[in-house]
Structures are given as C-alpha cells and as structure tokens.
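>>> Could you look at this predicted model? Sequence included:
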Amino acid sequence: MARTPLIAGNWKMNLNHLEAIALVQKIAFSLPAKYFEKVDVTVVPPFTDLRSVQTLVDGDKLLLTYGAQDVSPHVSGAHTGDISGAMLAKLGCSYVVVGHSERRSDHHEDDALVAAKTAAALAHGITPIVCVGEPLEVREAGTHVAHTVDQLTGSLAGLTAVQVAQVVVAYEPVWAIGTGRVATPADAQEVCGALRAALVELGGAAAGSTVRVLYGGSVSSKNVAEIVGQTDVDGALVGGASLKADEFATLCAIAAGGPLP
Ligand SMILES: O=C[C@H](O)COP(=O)(O)O
C-alpha cells in the first residue's frame with residue numbers, strides 16, 4: 001500500500017503567536033490545494049501558538065494540519081507546566097512529537113516516559129511522531145541500527161498491535177540535527193528499513209505497511225527529494241528549514257513530486 005508522504009515542520013522554541021500566523025499564512029498561500037493530494041503537511045509550533053494556528057486553519061479552511069511538540073503522560077491535575085492530550089485534542093492537534101532527542105537530552109526523558117506520552121497521545125486520537133536516533137559516538141561505533149531499534153521498541157512498549165500501526169516514527173540521527181550534516185540517503189534507508197522491520201515485529205504486517213517512517217536532520221529543499229525517494233522513508237521531520245515559508249513550501253512541493261510553487 002502506498003503511503004502518503006508526511007512533511008512535519010518542527011518549529012522548536014521559535015516564533016510567537018503573531019509570527020506563527022504570518023508563517024502559516026505564507027505557507028498556505030504558497031501551496032495550492034493540488035499539492036495536498038500528494039503530501040500531508042503539518043506544522044508543529046510551540047504550545048503558545050496553537051490556539052492562533054487553530055483559529056487560522058479552521059477559519060480559512062486550510063489544508064495543512066498542526067500538532068504539538070510534547071504531551072504530558074498524565075491525564076490531568078497537579079502537574080505544573082504539563083499540557084494534556086485532552087487539551088491538545090481540544091485544540092485540534094493532529095500530531096504530537098514525542099521523544100525528540102532535544103527533550104531526551106534537555107529533560108532526561110527515557111524510553112519509558114516516551115512510551116507513556118505515546119500512549120497518552122493515542123488515547124486522545126492524536127498521532128504521535130515517535131522520535132529515535134543515535135548520537136555521534138554510537139554512529140562511529142557502528143551500533144546505530146541496534147541502538148535506534150532498541151529505542152523504538154522501548155518507546156512503543158505496552159502498545160497493542162493496533163496502536164503500533166497508528167504511530168508515525170521519525171529517525172533523527174542526533175549528529176545531523178541542526179548541523180547541516182545530513183545523513184546520506186543510504187544512511188537514512190538503512191535505519192528506516194530496520195525500524196520498519198521492527199514495526200512488523202511489534203505490530204504485525206499492518207504496522208509495517210501503514211506506519212510512516214520519517215527522516216529528520218538538516219533536511220532542506222536541496223536534499224529532500226533523494227531522502228524521500230528511499231523505499232522506507234515516508235517523509236521528513238524538518239527543523240530549521242520549516243521556519244522559512246518559501247523554503248518549506250518548496251520542500252513540501254518536492255516531496256509531493258512537484259511542480260515547484
Ligand atoms: O525536529 C526536527 C529535527 O530536529 C531536525 O532539525 P533540523 O532540520 O534543524 O536539523
């Protein structure tokens with residue numbers, strides 16, 4: 001079954017709600033409806049922008065979707081600073097990023113916590129984008145495939161086969177994030193192929209054929225075609241390049257198979 005590519009723009013801790021509106025308007029203006037038949041496009045702003053983005057997307061009936069950068073593993077109550085899955089669902093979020101390497105590093109998130117967040121997202125009908133990826137020393141030791149497969153297995157622990165088939169996975173080698181040092185298409189395919197095989201182990205054939213496995217790490221309009229051209233790469237999780245409307249729109253158009261906007 002052909003999987004529709006997904007391009008997700010992770011804004012990280014950038015852009016206030018006014019800047020968010022301006023960027024989404026520019027992206028939507030640059031990408032006419034025909035592109036959305038061939039690629040799913042989502043933006044992932046900071047929490048503080050989500051209500052503004054929701055109002056814009058709903059009001060103007062835009063075809064792109066949006067998501068959040070994190071979700072609480074808790075349901076509600078005394079968890080200062082957390083944002084629940086129910087809150088994100090009410091804001092119309094389609095996706096939530098979980099287990100990004102910046103959160104694993106900055107906030108010491110481990111696979112068990114990521115698994116709890118993954119389950120929290122699914123419980124509210126939000127698709128988790130589950131991130132895995134090796135640091136440079138693991139890549140240099142040559143154990144990156146086993147490392148990322150272990151991370152994925154831990155991050156999906158406790159899910160049913162049906163739930164496994166509902167996630168999106170993002171392979172983001174830490175050494176490629178924000179560095180301009182993109183993985184080669186062969187590097188991306190090697191790990192994404194192994195992750196797909198692991199998905200079959202965890203969720204059966206349905207998970208292997210339906211789950212989209214993205215690549216992330218210095219993706220731009222210059223390299224996206226080769227990356228998404230790999231058999232087991234179904235799109236990209238884009239950081240820096242998602243903050244520039246023209247660049248992000250071009251990147252999405254290329255992932256859709258063109259023509260350029
Ligand atoms: O979530 C996105 C990734 O961390 C990639 O970021 P980047 O495209 O700036 O390298």
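That came through fine. Residues are numbered from 1 along each chain as shown.

>>> how close does the residue of the chain positioned farthest from its centre get to residue 72?
Most distant residue from the mean C-alpha position of the chain: residue 78, 28.4 Å away (Cα atoms, centre = their mean). Residue 78 sits at a distance of 11 Å from residue 72 (criterion: Cβ to Cβ, to the nearest Å). Yep, even glycine has a C-beta here, placed from its N, CA and C like the rest.

>>> now do residue 194
Going from residue 194 to residue 72 by Cβ to Cβ gives 30 Å.

>>> do residue 33 as well
Using Cβ to Cβ, we find residue 33 at a distance of 35 Å from residue 72.

>>> go on, residue 135?
Residue 135 is 26 Å from residue 72, by Cβ to Cβ.

>>> Which of these two has more residues huddled nearby?
Per other Cβ atoms under 10 Å, whichever of residue 135 and residue 72 has more neighbours is residue 72, with 19 against 16.

>>> which phi and psi does the closest residue in space to the more buried one that isn't next to it in sequence have?
Distance criterion Cβ to Cβ, 6 or more residues apart in numbering; nearest residue to residue 72, sequence neighbours excluded, is residue 82 at 3.5 Å. Dihedral pair for residue 82: phi -80, psi 160, per degrees, to the nearest 10.

>>> Does residue 82 touch residue 76 like I think?
No: Residue 82 is not in contact with residue 76 according to Cβ atoms under 8 Å; the separation is 9.1 Å.

>>> Those two: which is more packed in?
residue 82 (14 against 11).

>>> re the thing from before, any idea how far the ligand is from the residue farthest from the centre of the chain?
Residue 78 sits 30 Å away from the ligand, taking Cβ to the nearest ligand atom, to the nearest Å as the criterion.

>>> Relative to residue 120, how far out is that residue?
Distance from residue 78 to residue 120, by Cβ to Cβ: 16 Å.

>>> At the contact with the ligand, which residues of the stretch 101-250 of the chain appear?
172, 177, 178, 216, 217, 218, 219, 237, 238, 239, 240, 241 (Cβ under 6 Å from any ligand atom).

>>> cutoff 5 Å now
Contact residues (Cβ under 5 Å from any ligand atom) of the stretch 101-250 of the chain with the ligand: 177, 178, 216, 217, 218, 237, 239, 240.
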